[in-house]
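Asker: here is a sequence with its predicted model. Questions after.
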Amino acid sequence: MSYDGIVSHVRQEGFHVIVGDARGGRGHEGFLHISKLPTRVKSAYEVAKVCDKVRTKVLGIHKGGRLELAWAAKKPPHRHLRRGQWMTGKVYNIQKFGIFVEVATEDGPCQGLVHISEIKE
């Protein structure tokens, strides 16, 4: 289940979100770490600023009632991409089993794995 929230504070590694009725005093604070975003970023400042509306999902509740949050997409991300589609991208990691590539799409950047079996010399 997803919940709308308001960004209350931004830090390098993530941002704090008030989920629920913040104005009525019934909101719950949570933290959304950058590792829980749909795309890889170096800083949460690239994604959000104070007072931004965001859609989140609750992953867990810590002691004291603080929520652990993840980004919840409003629509299926990168829905226009098709299997087998050729694209130009930037390699950002190389492993024995394949390469990780970031491509630009209409919905924003998208990362994925090109398995070694799909790589041609």
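Answerer: Great, that's in hand.
Asker: helices or strands up against the helix or strand containing G5?
Answerer: Using DSSP states H and E, the element containing G5 is strand 2-11. For strand 2-11, the elements it packs on are strand 14-19, strand 53-61, judged by 3 or more CB pairs under 8 Å, 6 or more residues apart in numbering; DSSP states H and E. The way it works is simple: take the backbone N, C-alpha and C, and place the C-beta from them, glycine included.
Asker: list the buried residues in that strand.
Answerer: Neighbour counts over strand 2-11 (16 or more other CB atoms under 10 Å) mark Y3, G5, I6, V7, S8, V10 as buried.
Asker: would you turn those residues into a markdown table with distance to W86?
Answerer: Formatted as a markdown table, the buried residues of strand 2-11 follow (distance: CB to CB, whole Å):
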| residue | distance to W86 |
| --- | --- |
| Y3 | 38 |
| G5 | 38 |
| I6 | 40 |
| V7 | 37 |
| S8 | 43 |
| V10 | 37 |
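Asker: what is the most widely separated pair among those residues?
Answerer: Spanning the widest gap among the buried residues of strand 2-11 are Y3 and V10, at 18.8 Å by CB to CB.
Asker: nearest spatial neighbour of the residue nearest to the spatial centre of the chain, skipping sequence neighbours?
Answerer: Centroid check for the chain by CA atoms, centre = their mean gives L37 as the closest residue, at 1.4 Å. Leaving aside its chain neighbours, L37 sits nearest to W71 (5.0 Å; criterion: CB to CB, 6 or more residues apart in numbering).
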